[in-house]
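# starting from these lines, generate the structure:
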Amino acid sequence: MNEEEKWVVGFGQRFVSEWSVDFHPLSASSVSGLTKIVGFAPNSGGVAGAVVAGRESGGVAGALSIWRPELGLGRAHGASTWVRHNHFDEARLSYNSRDSQICSSLPLHVIPAVRRRHTKISEVKACVVSQFDAAGKDVLDFESTSQSICHLHNLAALSQANTRAALIVANDLHQKAAEYSSQAARIREILENVGLAIDGLPANVVASTQVIANVANMLNIRDTELSSFLIAMGDISLRKTRTQDKRIQLERESKVLLDQTRMAIARLTFLKRTVQQLEDDASPCEAQMEKWKTNLEVMAAKENQYIQQHANFKELLNRVGYTPEISHRVLVEMAEHRQELEKKTTPIVNTLRSYHDLPPDKDLAALAIEDKEREYAAAEKCLEDVLQSALATAE
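The predicted structure is shown next:
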């Protein structure tokens with residue numbers, strides 16, 4: 001609802017307090033600057049509508065009218081006008097005795113729903129008043145909302161149905177009591193005529209008769225014939241048998257339930273013991289977890305260190321020209337070939353070193369040195385060729 005629609009609902013509430021008329025809004029619509037709220041007033045015997053006119057000098061003018069069904073649609077029976085000024089709380093209420101001309105007619109499809117709701121509210125109020133009057137108490141005030149009216153109407157319908165059923169049962173019992181009384185009077189008259197009145201019978205006979213009558217009443221039979229007693233006793237025997245069967249079944253179920261209860265108690269004891277054991281083991285486990293946590297931190301630091309070392313070694317290998325294509329086998333072969341070359345060059349080196357022990361002959365020494373340098377250069381060239389061929393083979 002917008003502000004004007006909320007104001008009109010409040011206008012209806014104000015109308016309730018001034019003229020004791022219930023106003024229940026049903027729908028709202030805005031046409032040509034006017035906001036119309038359509039509702040109903042059950043305790044006035046009609047339906048109600050409210051209209052709020054357009055704003056005028058900062059205020060809003062409103063009117064509420066009650067339509068009497070017997071007066072026809074669109075006929076307003078009395079109206080009240082509430083002029084609201086600049087502020088919501090600053091308002092004055094005045095009464096206009098003539099028919100309100102600003103209220104439009106009520107739609108036809110609203111009338112049946114309004115009458116049904118009016119009937120339901122009337123029934124609820126009548127039932128509540130009758131119940132409180134029967135109890136000798138004053139009727140309590142309650143809010144007439146759709147939910148409360150519906151709930152009270154359901155309770156009233158249920159109460160009336162139960163009351164009708166109780167009246168039917170009571171009338172049947174009263175009728176049976178009257179029949180039993182007339183039959184007892186007739187039997188008493190017959191006994192008195194044949195000289196078997198209760199006053200003339202011995203005391204033991206009267207006592208026996210009362211015992212038989214009490215047994216017949218207890219067995220819920222209408223006469224004291226032997227056949228009736230036998231039928232009643234047979235019925236009691238059947239009921240006894242069924243009761244025994246039910247008792248045996250209940251004992252069996254009780255035994256099963258007792259076994260399940262014992263198992264549940266044992267299980268509960270085991271769970272409690274397990275919980276206690278877990279609580280006892282919690283402290284050592286926490287210490288172990290702290291130790292593991294410390295170890296994990298150390299391992300994380302070592303991991304970072306090893307990662308850094310691996311990166312450094314990788315950078316060093318890249319700098320020296322190492323590639324993954326150089327396998328271990330190639331390195332072993334190159335090492336073996338190097339050893340062979342060292343075996344070949346070692347005698348030459350020793351021979352060159354022996355020249356240092358000879359007397360100084362410059363010409364011979366120069367010739368020998370040149371020969372050995374040529375041999376050494378040839379050996380180095382051979383070693384370089386072998387290394388190049390090995391690298392080419394690996395690639």
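
# following element in sequence after the one helix or strand Leu152 maps to, please.
According to DSSP states H and E, Leu152 maps onto helix 146-193. Downstream of helix 146-193, the first helix or strand assigned by DSSP H and E is helix 203-219.

# can you list contacts of that next one?
For helix 203-219, contacts defined as CB atoms under 8 Å, 6 or more residues apart in numbering pick out Ile198, Leu201, Arg222, Asp223, Thr224, Ser228, Phe229, Ala232, Met233, Ile236. To be clear about C-beta, it is placed using only N, CA and C from the backbone, and glycine gets the same treatment.

# what do you get for stretch 285-304?
Counting by CB under 8 Å, 6+ apart, no residue sits against stretch 285-304.

# any idea which helix or strand of this structure has the worst average confidence?
Using mean pLDDT, DSSP states H and E, strand 91-96 stands out as the lowest-scoring helix or strand of the chain, at a mean of 32.

# ok, which stretches of the stretch 201-350 of the chain are helices?
Per DSSP state H, counting those that start in this stretch, the stretch 201-350 of the chain carries helices over the ranges 203-219, 226-320, 328-354.

# wait, which of those helices is closest to Ser146?
Ser146 sits nearest to helix 226-320 of all the helices of the stretch 201-350 of the chain, at 48.3 Å, using CB to CB.

# so, low pLDDT: which residues of the stretch 201-350 of the chain?
324-327 (pLDDT under 70).

# buried members of the contacts of helix 203-219 into PyMOL, please.
Remark: buried members of the contacts of helix 203-219, expressed as a PyMOL selection using 16 or more other CB atoms under 10 Å:
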select buried, resi 229+232
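
# dump the contacts of helix 203-219 into JSON lines; add distance to Thr323 as well.
JSON lines is the format used below for these (distance: CB to CB, whole Å):
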{"residue": "Ile198", "distance to Thr323": "135"}
{"residue": "Leu201", "distance to Thr323": "137"}
{"residue": "Arg222", "distance to Thr323": "120"}
{"residue": "Asp223", "distance to Thr323": "123"}
{"residue": "Thr224", "distance to Thr323": "124"}
{"residue": "Ser228", "distance to Thr323": "119"}
{"residue": "Phe229", "distance to Thr323": "119"}
{"residue": "Ala232", "distance to Thr323": "114"}
{"residue": "Met233", "distance to Thr323": "114"}
{"residue": "Ile236", "distance to Thr323": "109"}
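
# closest to Val128 among the contacts of helix 203-219?
Arg222 (43.6 Å).

# noted, bye for now.
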